[in-house]
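In: Whatever this is, show me its structure:
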Amino acid sequence: MKKLYFLLLISAFSLTVFAQSDENMGIIPVPASIKKNSGQFVLDKTVVLVSAEATNAKNADLLNAFIVSKGGFALRTEKALTKGQKAIVLTAVGADELPAEGYSINISTNEIKVVGKDAGLFYAIQSLMQLMPEKKNDKITIQAATIKDYPRFGYRGLHLDVARHFYPSSFVKKYIDRMAAYKLNTFHWHLTDDQGWRIEIKKYPKLTTIGASRNGTIVGNYPGTGGTDEVPYKGHYTQEEIKEVVAYAASKYITVVPEIEMPGHASAAIAAYPELSCFPERDTWVGENAPWSGTRKGKQVQQTWGVFDDVFVPSENTFKFLEGVLDEVITLFPSKYIHIGGDECPKAYWKESAFCQQLIKDLNLKDEHGLQSYFIQRMEKYLNAKGKSIIGWDEILEGGLAPNATVMSWRGVDGGIEAAKLNHDVIMTPGSMGLYFDHKSSASPDEPLTISGLQSGFSNYTKVYNYDPVPSVLPAEQKKFVRGVQGNVWTEYIESAEKVEYMILPKMLALSEIAWGQLDRKNLTNFTEERLPLHLAKLDGAGTNYWVPTPIGQTAGILNGKEHTISLKTPVAGAKIYYTLDNYRPTETGALYTTPFKVNVPEGKKKILKTVVITPSGKRSVVLETVLNNGATDVKTK
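Out: Here you go, the predicted structure:
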């Protein structure tokens, strides 16, 4: 007999009881250590907020604003603690003894003492806000505890491609808010690609007057069967908008790393300035699978997805152009790093170009891969002279790695391993480990249109959570070169801000835990059953879009046997599970799951358990199917 054993979530449990019973007090990402103590701190309007250092003022205001929203009252602020006062104390005293970005919170019956400075104090406030339950009788009762916390990695990143689809700066700020709440500290902003140039460069105005617009967008999945929609698509950020976003991110201790793609993924720039191509006079090549008939005249911003042969020619004019672009980028982004792409650069035009072939000979290079390495190293040298360092996708390893480059390993983990063995810094972001958030979360036909996921598989929060960014095959002395981990969001099939949210949540919460949480503190069961349901309920109540997980305790596939015990748990606090056994799709009119039940299947027959989770706001999970089989011969294994 096969059983699906999990505890039933009793819907009568309030979020408060649920959070306070959890050993990690509902905090995501999991703290380095947390110890519950006896007693409780009762937060009400008699409590004062003590913050002596001027540098703590913004964090004090942040906490007080949250208490107003949570409890309906504001705390009186003081510079010093008076004996006998009940207080929340924010202080930097002792913070220098903590690890970088670390903090401590000590909750007793009479005081909550928060120690940290700068980012550390900010992250302490995020944790403190998360562990506060709902108010009762105008009071918020908080479990006494001692929390000590610091991050595993210094680089905790989330990426957003705005070239394929463009999102206004207001949404980018919201994206940054979500990152900050979960202690991610690096926003990788993919600003240029074949389908659009999204950043204003004053020296080269055509980059936005021409390069920021395409004449249509592919309909359906690549290579497309419906042609393009023939609707012009455009959008870019002014330099003032860029500055505003960068400053906003900095206020939340997030560094913005811009990406300017080179030498490939350059169609938008070449459409604006055809002389940047090996063959300026040649029409844009659209390939045999182009979703339109006929020939497009001139250079075009690409209307479809994929990789294109028309890349930057490595001429002095191109280098001068890119140096001019980067000069303006540097003034906008104080980040130590500038991402220069370096991925998916076809060599066909370089092989065909007499200029490129002569350059290979003149530079005594082996081949076109050596020419790409020359291109990257030259740009690195220029940026190093400006006090910046480069990050590139793992293709920059081909032909020889630039001396000071950081490698972003996306084609699996091998590129990161190779770079670390060469003593180069590495950011792990392999699509095969679920870190390409634009991939669908399941094989369900209910999933929206996304990239197929066939090459790197699906991406769901469980897969992300189970990934360890430090490859076990690395020698101990080289594991230190793994500086962090990043989730990527490529937007070919993500045409709206709401769909961005659907694709990144709750994967982003799992990312935060593997980026911040210590390895020995990972616990998938605690994350999935205790903490995540609370956070998803908060997202639900706030009207944020997200992928609703399927019931805990049910898996897709086939379970063999005569008798099956169905025991499920809701993945979102307050949600309901509906099910059917008659092969119809479950809805609110179906059977409501309340307690575990048994299903008997006659010999030679099968029954199909179909479930759907419906949240308080009406959001729905995909329908999940489990075949309960007792010798039926028409059962197919997917």
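
In: ok, residue 602 - how many residues close by?
Out: Residues lying near residue 602 (other C-beta atoms under 10 Å) number 11. For glycine as for every other residue, the C-beta is placed from the backbone atoms N, C-alpha and C.

In: Isn't it up against residue 632?
Out: No. Counting by C-beta atoms under 8 Å, residue 602 stays clear of residue 632, with 9.5 Å between them.

In: and the nearest residue to residue 567 once chain neighbours are set aside, what pLDDT?
Out: Spatially, and ignoring its direct neighbours in sequence, residue 567 is nearest to residue 596 (3.9 Å; C-beta to C-beta, 6 or more residues apart in numbering). Residue 596 is assigned 97 on the pLDDT scale.

In: List phi and psi for residue 596.
Out: phi -60, psi 150 (degrees, to the nearest 10).

In: cool, residue 592 as well?
Out: phi -90, psi 130.

In: try the one 3 residues further on
Out: Dihedral angles of residue 595 (phi, psi; degrees, to the nearest 10) stand at phi -140, psi 160.

In: what about it, distance to residue 574?
Out: Look at residue 595 and residue 574: by C-beta to C-beta, to the nearest Å, they are 17 Å apart.

In: Those two: which has the busier surroundings?
Out: Ranked by neighbour count (other C-beta under 10 Å), residue 595 and residue 574 place residue 574 first, with 20 against 9.

In: How about stretch 347-363, which residues are buried there?
Out: 347, 349-350, 353, 356, 359-360 (16 or more other C-beta atoms under 10 Å).

In: Could you list the residues in contact with it?
Out: Residues from elsewhere that reach stretch 347-363, judged by C-beta atoms under 8 Å, 6 or more residues apart in numbering: 277-279, 309-311, 313-315, 365, 367-372, 374.

In: tell me which residues in stretch 243-250 are buried?
Out: For stretch 243-250, the neighbour count (16+ other C-beta under 10 Å) marks 245-246, 248-249 as buried.

In: quick one on the thing from earlier: go through the buried residues of stretch 347-363 and name the one nearest residue 579.
Out: Using C-beta to C-beta, residue 347 comes nearest to residue 579 of the buried residues of stretch 347-363, at 54.4 Å.

In: List just the nearest of the buried residues of stretch 347-363 to residue 123.
Out: The nearest one, if we look at these relative to residue 123 and count by C-beta to C-beta, is residue 347, at 45.0 Å.

In: And the closest one, how close does it get to residue 353?
Out: 10 Å.

In: again with residue 382
Out: For residue 382, the distance to residue 353 - C-beta to C-beta - is 23 Å.

In: Kindly report the same for residue 234.
Out: 31 Å.

In: what residues are up against the closest residue to residue 236 other than its chain neighbours?
Out: Closest residue in space to residue 236, ignoring its immediate chain neighbours: residue 212 at 4.1 Å, by C-beta to C-beta, 6+ apart. Going by C-beta under 8 Å, 6+ apart, residue 212 touches 196-198, 234-236, 268.

In: And for residue 253?
Out: Contacts of residue 253 by C-beta under 8 Å, 6+ apart are 118-119, 122-123, 180, 185.

In: could you dump these to JSON lines with distance to residue 31 and neighbour count?
Out: Putting these into JSON lines (distance: C-beta to C-beta, whole Å; neighbours: other C-beta atoms under 10 Å) gives the following:
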{"residue": "118", "distance to residue 31": "18", "neighbour count": "15"}
{"residue": "119", "distance to residue 31": "15", "neighbour count": "19"}
{"residue": "122", "distance to residue 31": "15", "neighbour count": "22"}
{"residue": "123", "distance to residue 31": "10", "neighbour count": "27"}
{"residue": "180", "distance to residue 31": "17", "neighbour count": "21"}
{"residue": "185", "distance to residue 31": "17", "neighbour count": "25"}
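
In: so where's the stretch 251-400 of the chain shaky on pLDDT?
Out: For the stretch 251-400 of the chain, the stretches with pLDDT under 70 are 285-296.

In: what about the helices in it?
Out: 267-272, 316-332, 348-352, 354-362, 368-385 (DSSP state H, counting those that start in this stretch).

In: will you turn those helices into JSON lines that also has distance to residue 97?
Out: Below are those laid out as JSON lines (distance: least, C-beta to C-beta, whole Å):
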{"stretch": "helix 267-272", "distance to residue 97": "49"}
{"stretch": "helix 316-332", "distance to residue 97": "36"}
{"stretch": "helix 348-352", "distance to residue 97": "55"}
{"stretch": "helix 354-362", "distance to residue 97": "55"}
{"stretch": "helix 368-385", "distance to residue 97": "35"}
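
In: sorry, back to before: give me the buried subset of the contacts of residue 212.
Out: Buried, going by 16+ other C-beta under 10 Å: 196-198, 236, 268, out of these.

In: can you tell me which of those residues lies nearest to residue 27?
Out: residue 198 (35.6 Å).

In: Please enumerate the strands of the stretch 51-200 of the chain.
Out: 76-78, 87-91, 103-107, 111-115, 140-149, 155-161, 186-190, 192-193, 196-197 (DSSP state E, counting those that start in this stretch).

In: Each with direction, which strands does the second one pair with?
Out: Translated: strand 87-91. strand 48-51 (parallel), strand 111-115 (parallel) (DSSP bridges).

In: just the longest one next, same as before
Out: Strand 140-149 pairs in its sheet with strand 33-43 (antiparallel), strand 103-107 (antiparallel), by DSSP bridges.

In: Can you tell me which of the ones you listed is packed in deepest?
Out: strand 103-107 (a mean of 22; mean count of other C-beta atoms under 10 Å).

In: residues making contact with that strand?
Out: 37, 41, 94-95, 98, 112-116, 120-121, 123-124, 127-128, 142-150.

In: From those residues, list just the buried residues.
Out: Here, 16+ other C-beta under 10 Å leaves 41, 95, 98, 112-116, 120-121, 123-124, 127-128, 142-145, 147-150 buried among the contacts of strand 103-107.

In: what residue ranges in this structure score low on pLDDT?
Out: 1-20, 223-226, 285-296, 452-456, 637-638.
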